[in-house]
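S.K.: this one's structure only:
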């Protein structure tokens, strides 16, 4: 089918990417009869979280929905449309694209299942859609995507109803090619660190990881970028952008199937990209960079309630060229005044807790003395979530005060006999800006990756 199109020939016009995250007006195309998925869910989400832009439902089955006028097609809307959200059968996409051209729409998200996953006819259809997009300057995310979230302006194009209003506003942006990074599959609302943007590229027929990375480069609300990438369309472009971005903010990448990709790993490291190995790390490691300053060296102190935990931390640290700091004579003297024999290479609070009934009264001074030692670049704290209630309030007060005086990174692993206690303490500490990790090994890895990134960032670009 021949399609006449008009509009910009600048297919890579950067401003069009902005429309995906910062639209002033959105047309939602698709049936409103489904109550748990699709157009119904998107509009309900947008209204519930307070999206301030204009919303235009498009469906032939009704004339009004949740107080909004429903239009039969894009042609019936006289106002400007920045972004179209298409939850329709793939066979309807070509005609919808033509309407987008006529309306001078700059961007469209296609939620429909992939055009490429079945027969040759769908391959031809996708090619046709992309030809229209290329000649008109429309950018396309999808197909087969879970959409975009921008907590900064309450824009949610996620086609599921999942309580998005509880997602905390913050500085971590996530981009991936998998619905597993979306709120209907991962508990974003339970995170006690903040999210800025979430983008699922789907099958990335057009917009890819390089486009999103370039947008996030200059996004002031994004402090840390975490990406799940199955494949990279244009490696040279991606690495060129990454070299620029990583001097401004950390870029963390999880790429499955890297077992035999030594060249890729080396190129990423040269570009300052922080490589991850596990899916869980995609949601945990960024916390360090969002909450804490970078360590100035590789010497880390340990305060622990368990000698075994401290020994394991030392072994893990060696994997990342981290060393246990040798405390200064002045620090040792001050700690011995608090409790004789308290300090060796590691500050072990276990014996102190057993011998001193009011040990919590000297605990803040221990933290202060250790962090003031010039030999320490970062503190790893193994913290016991005591089953006794009063300890929680004490910890909160102590760490609230510590936040205002400590200029060094503090990383925490919490353990304890009851999961509710561990969870409560974790939530409160992260609300105060201290990253708490689910495993000792992950906590030490976060310190190690931050140290490596600090070295790279210290080089001249």
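M.R.: Done, it's in. Nothing here was measured: the structure is a model prediction, and the numbers come from that model. Numbers count the residues shown, from 1 in each chain.

S.K.: Can you pull out the low-pLDDT segments for this structure?
M.R.: 1-15, 114-123, 163-165, 258-260, 353-357, 387-390, 460-461 (pLDDT under 70).

S.K.: Show me how it divides into domains.
M.R.: For the chain, whose domains are defined here by automatic domain parsing, the residue ranges read 14-288, 294-457.

S.K.: can you put those domains in JSON lines and add mean neighbour count?
M.R.: Where C-beta positions appear, they are placed from N, C-alpha and C, glycine not excepted. Below are these laid out as JSON lines (neighbours: other CB atoms under 10 Å):
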{"stretch": "domain 14-288", "mean neighbour count": "19"}
{"stretch": "domain 294-457", "mean neighbour count": "17"}
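
S.K.: How much space separates the nearest residue to residue 305 once chain neighbours are set aside from residue 438?
M.R.: Excluding the flanking residues, the one nearest residue 305 by CB to CB, 6 or more residues apart in numbering is residue 384, at 4.2 Å. Distance of residue 384 to residue 438, computed by CB to CB, to the nearest Å: 16 Å.

S.K.: Please apply the same query to residue 393.
M.R.: 24 Å.

S.K.: cool, and residue 426?
M.R.: 9 Å.

S.K.: what's the answer for residue 89, then?
M.R.: Residue 89 sits 42 Å away from residue 438, going by CB to CB.

S.K.: For residue 147, which non-adjacent residue is closest in space?
M.R.: Residue 147 sits nearest to residue 157 (CB to CB, 6+ apart), 3.8 Å away.

S.K.: just checking, the one you found touches residue 142?
M.R.: No. With contact defined as CB atoms under 8 Å, residue 157 does not reach residue 142; the gap is 10.5 Å.

S.K.: what's next to the host helix or strand of residue 253, contact-wise?
M.R.: Secondary structure assigned from DSSP states H and E places residue 253 in strand 251-254. Here strand 251-254 makes contact (CB atoms under 8 Å, 6 or more residues apart in numbering) with 213, 224-229, 242, 245, 268, 272-279, 281-282, 285-286, 289, 449.

S.K.: And the residue in the chain sticking out farthest from the centre, how far from residue 352?
M.R.: Here the centre of the chain is the reference, and by CA atoms, centre = their mean the most remote residue is residue 340, at 44.4 Å. For residue 340, the distance to residue 352 equals 10 Å [CB to CB].

S.K.: Next up, the contacts around the closest residue to residue 439 other than its chain neighbours.
M.R.: Closest residue to residue 439 apart from its sequence neighbours, by CB to CB, 6+ apart: residue 413 at 7.2 Å. Applying CB under 8 Å, 6+ apart, we find residue 413 in contact with 309, 380, 381, 382, 383, 436, 437, 439, 440, 443.

S.K.: Determine how far stretch 265-279 lies from the middle of the whole chain.
M.R.: 16 Å (CA atoms, centre = their mean, to the nearest Å).

S.K.: what ranges do the helices span in the stretch 351-461 of the chain?
M.R.: Ranges of helices in the stretch 351-461 of the chain, per DSSP state H, counting those that start in this stretch, are 363-372, 390-405, 419-431, 440-457.

S.K.: looking at those helices, which is closest to residue 104?
M.R.: helix 440-457 (41.6 Å; CB to CB).

S.K.: So which elements touch the closest one?
M.R.: Here helix 440-457 touches strand 274-276, helix 281-284, helix 286-291, helix 307-318, strand 378-384, strand 410-415, going by 3 or more CB pairs under 8 Å, 6 or more residues apart in numbering; DSSP states H and E.

S.K.: For my notes, please list those in JSON lines and give distance to residue 195 for each entry.
M.R.: Output for those, formatted as JSON lines (distance: least, CB to CB, whole Å):
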{"stretch": "strand 274-276", "distance to residue 195": "17"}
{"stretch": "helix 281-284", "distance to residue 195": "10"}
{"stretch": "helix 286-291", "distance to residue 195": "10"}
{"stretch": "helix 307-318", "distance to residue 195": "28"}
{"stretch": "strand 378-384", "distance to residue 195": "25"}
{"stretch": "strand 410-415", "distance to residue 195": "20"}
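
S.K.: Which one of the ones you listed lies nearest to residue 333?
M.R.: strand 378-384 (19.2 Å).

S.K.: how far does that closest one sit from the chain's center?
M.R.: Worked out by CA atoms, centre = their mean, strand 378-384 lies 24 Å from the chain centre.

S.K.: For that strand, enumerate its sheet partners and note whether each is parallel or antiparallel.
M.R.: strand 299-304 (parallel), strand 410-415 (parallel) (DSSP bridges).

S.K.: Next, format those as CSV and append distance to residue 28.
M.R.: Formatted as CSV, the strands paired with strand 378-384 follow (distance: least, CB to CB, whole Å):
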stretch, distance to residue 28
strand 299-304, 50
strand 410-415, 42
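
S.K.: Which stretches in the stretch 1-150 of the chain count as strands?
M.R.: Taking DSSP state E, counting those that start in this stretch as the test, the strands found in the stretch 1-150 of the chain are 25-29, 54-58, 64-65, 68-69, 83-86, 107-110, 139-141, 148-150.

S.K.: Export these as TSV, with columns for distance to residue 36.
M.R.: Shown next, in TSV, are the strands of the stretch 1-150 of the chain (distance: least, CB to CB, whole Å):
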stretch	distance to residue 36
strand 25-29	15
strand 54-58	17
strand 64-65	15
strand 68-69	19
strand 83-86	17
strand 107-110	19
strand 139-141	22
strand 148-150	18
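
S.K.: and of the strands paired with strand 378-384, who's closest to residue 362?
M.R.: Between the strands paired with strand 378-384, strand 299-304 lies closest to residue 362; by CB to CB that is 12.5 Å.

S.K.: so that closest one versus helix 307-318, what angle?
M.R.: 160 degrees (axes from the mean of the first three to the mean of the last three CA atoms, to 10 degrees).

S.K.: what does strand 299-304 contact?
M.R.: The contact list for strand 299-304 (CB under 8 Å, 6+ apart) reads 310, 313-314, 317, 322-327, 346-350, 366-367, 370-371, 373, 375-382, 447.

S.K.: what's near enough to touch residue 327?
M.R.: By CB under 8 Å, 6+ apart, the neighbours of residue 327 are 301, 335, 343, 345, 370, 373, 375, 376.
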